[in-house]
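**Q** Sharing a model prediction with you, sequence too.
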Amino acid sequence: MTRRRRTLRILSAVLMTAGVLGLADAAVTLLWQEPVTALRAKLWQDDLAGQLRAVERAGPTPAELRLLARTGSGRARVAALARSWQRRTSEGAAVGRLEIPRLGLSTVVVKGTQPADLRRGPGTFERAPFPGAPGTAAIAGHRTTYGAPFRDVDQLRPGDAITLVMPYATVRYRVEGRRIVDPGDLSVLRRVGHDRLILSACHPRFSARKRIVVFARLSAVDPTKIRQSANLLKTRGDHPMKKA
């Protein structure tokens, strides 16, 4: 066998292998999610989960505890902490955990919807309040890349549970319905007669032509985390509720 024929055979084998790998990647992306970005998202999610655990261990800041001391009911306290948490978190940082049993989804949510934010996980809209504050909370996520957290968001049905486990409270919603809208349609963010959550993703899959928006109505707010965090700080000998 001449050197030229050996070289051609090697080159042919390399090209065939590359073709097979390319087809495999396309098949995995079509049937599940894009594997390379999924691995990167998994690493980011592990880091974000660590961020959330650190925030929960730290509890409310002294300023937030002073705010709680002069705020009345449990719902009002949750809203006050939601606004404070939204102000003091930076873009791309972990803000809470989204759980959707119907989709088998449990993922860390970040602040922001810029491309760099959504590579790390589903992200909150800048113009929307955090869950627990009055109004329409909003979260966007990918359907085919970077872990594809919202890949099957179109499978949600009325009555399905959606839970946001935030550092200050657990906020629960029930799906009401869904709608397909243009990417620039901001009417979905408007405040209505009840507190709600929307989940937004590109539609159809593999296209950014439209957006699928799932609407969910607030069903319960559990402020237990507020009491637990405050008690934890008290046992450490801190007295943040006293005014300076």
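**A** Everything's here; your move. For clarity, every value in this text was computed on a predicted model and none was experimentally measured.
**Q** Burial check on the closest residue to residue 89 other than its chain neighbours, number of neighbours?
**A** Leaving out its chain neighbours, the residue that sits closest to residue 89 by CB to CB, 6 or more residues apart in numbering is residue 111, at 5.0 Å. Where you see a C-beta, it was placed from the backbone N, CA and C, and this is true even at glycine. Around residue 111 sit 20 other residues, with neighbours defined as other CB atoms under 10 Å.
**Q** gap between residue 111 and residue 94?
**A** 8 Å (CB to CB, to the nearest Å).
**Q** what does residue 44 give?
**A** 10 Å.
**Q** Find residues that contact each of these two.
**A** Taking CB atoms under 8 Å, 6 or more residues apart in numbering as the contact rule, residue 44 and residue 94 both touch residue 121.
**Q** Could you check which of the two has the larger neighbour count?
**A** More crowded of residue 44 and residue 94, by other CB under 10 Å: residue 94, with 24 against 19.
**Q** beta partners of the residue nearest to residue 89?
**A** residue 124 (DSSP bridges).
**Q** ok, it touching residue 121?
**A** No: using CB atoms under 8 Å, residue 111 makes no contact with residue 121, being 10.2 Å away.
**Q** ok, the residue nearest the centre of the chain - contacts?
**A** Nearest residue to the geometric centre of the chain (CA atoms, centre = their mean): residue 109, 2.7 Å. Residue 109 is in contact with 94-98, 121-124, 139, 164, counting by CB under 8 Å, 6+ apart.
**Q** Tell me the one of those residues nearest residue 179?
**A** Proximity of those to residue 179 (CB to CB) peaks at residue 139, which lies at 15.7 Å.
**Q** Quick check: chain neighbours aside, which residue is closest to that closest one?
**A** residue 122 (5.0 Å).
**Q** Ok, residue 83 next?
**A** Nearest non-adjacent residue to residue 83, counting by CB to CB, 6+ apart: residue 133, 5.5 Å away.
**Q** Can you read off the pLDDT for that neighbour?
**A** At residue 133, the model reports a pLDDT of 97.
**Q** so it makes contact with residue 87?
**A** No: between residue 133 and residue 87 there is no contact under CB under 8 Å: 11.1 Å.
**Q** now could you export just the CA positions of the helix or strand harbouring the residue nearest to the centre of the chain as PDB?
**A** In this structure, residue 109 is located in strand 105-111 according to DSSP states H and E. Taking C-alpha atoms only, strand 105-111 is exported to PDB below (Å, rounded to 0.1, in the frame of the first residue of the first chain):
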ATOM      1  CA  LEU A 105     -37.700  19.900  36.800                       C
ATOM      2  CA  SER A 106     -35.700  21.300  39.700                       C
ATOM      3  CA  THR A 107     -33.300  24.100  38.600                       C
ATOM      4  CA  VAL A 108     -31.700  27.200  40.100                       C
ATOM      5  CA  VAL A 109     -33.000  30.500  38.700                       C
ATOM      6  CA  VAL A 110     -30.700  33.400  38.100                       C
ATOM      7  CA  LYS A 111     -31.400  37.100  37.900                       C
END
